[in-house]
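# Take this sequence and fold it.
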Amino acid sequence: MTSTTLKHPPIVQVPTRQREDALALIFCRLPADDRADQIKEFSSAIGSGDILPGGLLGAYRNNRLVGAVFSQVQPGKTAAVWPPRVVPGEPRITSEKLLEATCDFLENQDVYLAQALIATDSASDKVLLRSGGFKPLADLLYLVSLLEDFPDAPPPGPLRFEPYTADDHDRLARIIEATYEQTLDCPRLGGARRTEDVLAGYRCVGLFNPGHWLIVRHRGDDVGCLLLADHPEHGNIELLYMGVVASARRNGWGMDITRHAQWLAAEATRQRLVLAVDAANTPAIDMYTAVGFQTWDRRSVYMRVFS
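Numbering: from 1, shown residues only. As a prediction, this is how the structure comes out:
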């Protein structure tokens, strides 16, 4: 075996018989129960065609799997990337080549934006992702509000909530674009994607219910929006996006909108309302804390934009 072969192991799509082995390597840092759930979920999704099998790549030496990387192409020209993992003793070049191969795959799938979520203390992942063209976007806090925090009735206030219809598509896109102005939530992401792609991505999270996509109005004016996704298998409603246009901020309406989301979660008989927020967005975190949200996880997000 030549030194060149040692430095650059072949990287190919993982065959069906080794999918679970490759996924076990990808998720090797998770607790055993979580790892088993992820392996089962993603192996099934690849087998059914819901996830492209080409997104699971393996590095091989003498037909032995020594490294793997996983990516999932998603609606809205986006993708999620799980950083490469290699077996002990495998050189760093293998991880770099796996990430390079993943980026080539995603570019061929017409992906515009790829994101990787990693542990905030994972220095090795951060160095690797930077070497592969990914840039830090934000640290995210994952928050949860439990059933006992939900209001028993629609919260009183001056706002009106108008359910989304197909005829409102362009209107909702304009509102979302207006909420990006001077936003404190992942400001580096603003303008990185077409709003059309953003909405396509949101629509495919969980179960889409147009009654849970709401245009927020005040005295006849559109002042914001609230987008929720249902995850009945987990007993969750997810707050995908909530925004207030710049001219309508500082009225306390973010709290009113969030309380309305909690009430909708109660109406849907869900046990939890979950969301992610930029850890640097102190006003939003303070507001969520005031209505009962608690932090349950934290992750760093790295992003790569493909030309």
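
# Share the number of residues neighbouring Asp110, please.
As a burial measure, Asp110 scores 9 neighbours (other CB atoms under 10 Å). For every residue, glycine as well, the C-beta is placed using N, CA and C.

# and it, helix, strand or coil?
With DSSP: H, G, I helix; E, B strand; the rest coil as the basis, Asp110 sits in coil.

# ok, it touching Lys77?
Yes. Asp110 is within contact range of Lys77, at 6.3 Å (criterion: CB atoms under 8 Å).

# if I pick Leu137, what's in contact with it?
Neighbouring residues of Leu137 by CB atoms under 8 Å, 6 or more residues apart in numbering: 115, 186, 188-189, 301-303.

# per-residue confidence at it?
On the pLDDT scale, Leu137 is placed at 92.

# if we can go back for a sec, scan the contacts of Leu137 and report the most crowded one.
The most crowded member of these, judged by other CB under 10 Å, is Tyr302 (23 neighbours).

# I'd like the contacts of Leu137 as a markdown table, with pLDDT and distance to Thr16 appended.
Output for the contacts of Leu137, formatted as a markdown table (pLDDT from 0 to 100; distance: CB to CB, whole Å):
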| residue | pLDDT | distance to Thr16 |
| --- | --- | --- |
| Gln115 | 96 | 27 |
| Cys186 | 69 | 37 |
| Arg188 | 70 | 39 |
| Leu189 | 70 | 36 |
| Val301 | 96 | 31 |
| Tyr302 | 97 | 30 |
| Met303 | 95 | 31 |
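
# Could you tell me which of the residues you listed belong to strands?
115, 301-303 (DSSP state E).

# what ranges do the helices span in the stretch 1-150 of the chain?
3-7, 19-26, 32-48, 92-108, 123-131 (DSSP state H, counting those that start in this stretch).

# Out of those, which gets nearest to Asn251?
Distance to Asn251, taken as CB to CB, is lowest for helix 123-131 among the helices of the stretch 1-150 of the chain, at 38.7 Å.

# Would you mark the buried spots in that closest one?
125-126, 128-129 (16 or more other CB atoms under 10 Å).

# Could you do stretch 157-167 as well?
159, 161, 164.

# Looking at these, which are in strands?
Members of the buried residues of stretch 157-167 lying in strands (criterion: DSSP E): Phe161.

# least confident pick among the buried residues of stretch 157-167?
Pick the lowest pLDDT in those and you get Tyr164, at 93.

# Tell me which residues touch that one, please.
172, 210, 213-215.

# mind running it again at 6 Å?
By CB atoms under 6 Å, 6 or more residues apart in numbering, the contact list for Tyr164 reads 210, 213.

# same deal with Arg304?
Arg304 makes contacts with 114, 133-134, as judged by CB under 6 Å, 6+ apart.

# In those residues, which residue is surrounded by the most others?
If you count neighbours using other CB under 10 Å, the busiest of those is Ala114, which has 26 neighbours.

# which regions of the stretch 201-307 of the chain lie under the pLDDT threshold?
In the predicted model of the stretch 201-307 of the chain, no residue satisfies pLDDT under 70.

# Show me where the stretch 201-307 of the chain has its helices.
Using DSSP H, counting those that start in this stretch, helices in the stretch 201-307 of the chain cover 253-267, 282-290.

# looking at the ones you listed, which is buried most?
Among the helices of the stretch 201-307 of the chain, helix 253-267 has the highest mean neighbour count (mean count of other CB atoms under 10 Å), at a mean of 21.

# Next, the angle from it to helix 282-290.
Computed by axes from the mean of the first three to the mean of the last three CA atoms, to 10 degrees, the angle separating helix 253-267 from helix 282-290 equals 40 degrees.

# now for helix 253-267, which elements pack on it?
Under the contact definition 3 or more CB pairs under 6 Å, 6 or more residues apart in numbering; DSSP states H and E, helix 253-267 sits against strand 236-244.

# Show me what counts as buried in the strand it packs on.
236-244.

# and which of those is nearest Val223?
Set against Val223, the nearest of the buried residues of strand 236-244 by CB to CB is Val244 (6.1 Å).

# Distance check, the closest one against Arg194.
If you measure Val244 against Arg194 using CB to CB, to the nearest Å, the figure is 22 Å.

# how far out from the middle of the chain is stretch 232-242?
13 Å (CA atoms, centre = their mean, to the nearest Å).

# For it, list the C-alpha coordinates in CSV.
What follows is stretch 232-242, C-alpha atoms only, in CSV (Å, rounded to 0.1, in the frame of the first residue of the first chain):
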residue,chain,number,x,y,z
PRO,A,232,-47.2,15.0,17.6
GLU,A,233,-44.9,12.0,17.9
HIS,A,234,-42.9,14.0,20.4
GLY,A,235,-45.7,15.9,22.1
ASN,A,236,-44.2,19.2,20.9
ILE,A,237,-45.2,22.3,19.0
GLU,A,238,-42.2,24.1,17.6
LEU,A,239,-42.1,27.8,17.3
LEU,A,240,-40.3,28.0,13.9
TYR,A,241,-40.3,31.8,13.5
MET,A,242,-41.8,34.8,15.3
